[in-house]
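In: Give the three-dimensional model of this entry:
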Amino acid sequence: MSQIIIGQYARVRYVSERSKTLTETVRRYKEFLPGRGVLPHPGPRNVRWFGANPWFGAEVVPALRERVGEAAHPTGTESVTD
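Out: Got it, this is the predicted structure:
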């Protein structure tokens, strides 16, 4: 993965696409892989966002974790785990 874009301001600056919100962009994460990962800011002000969007932890985090693992271990012999 060559870019990890975190938060609304970074999305507006670095992602040229049609989504109106960060949530829409993050939900479309597959369209940006393998080159980019778009994430909400992990700060405490976003606790409500993470609670309202459980698909993020169930779908997006594992997919990004896999891509980071592949980039860190290009031979495919190891993976990133919790």
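
In: Tell me which other helices or strands the helix-or-strand element of the chain with minimal mean pLDDT touches.
Out: The helix or strand of the chain with the poorest confidence is helix 61-72; it has a mean of 85 (mean pLDDT, DSSP states H and E). Judged by 3 or more Cβ pairs under 8 Å, 6 or more residues apart in numbering; DSSP states H and E, helix 61-72 is in contact with strand 36-39. For the C-beta atoms, the positions are set from N, CA and C on the backbone; glycine is no exception.

In: pLDDT (mean, whole number) over the strand it packs on?
Out: For strand 36-39, mean pLDDT rounds to 88.

In: same check, this time on stretch 3-19
Out: For stretch 3-19, mean pLDDT is 84.

In: I'd like the numbering to begin with 869 instead of 1 from here.
Out: New numbering, starting at 869: the last item is stretch 871-887.

In: Can you give the distance of that stretch from its chain's centre?
Out: Taking Cα atoms, centre = their mean, to the nearest Å, the mean C-alpha location of stretch 871-887 is offset from the chain mean by 11 Å.

In: that's a strand at Ile873, yeah?
Out: Yes - membership of Ile873 in a strand is supported by DSSP: H, G, I helix; E, B strand; the rest coil.
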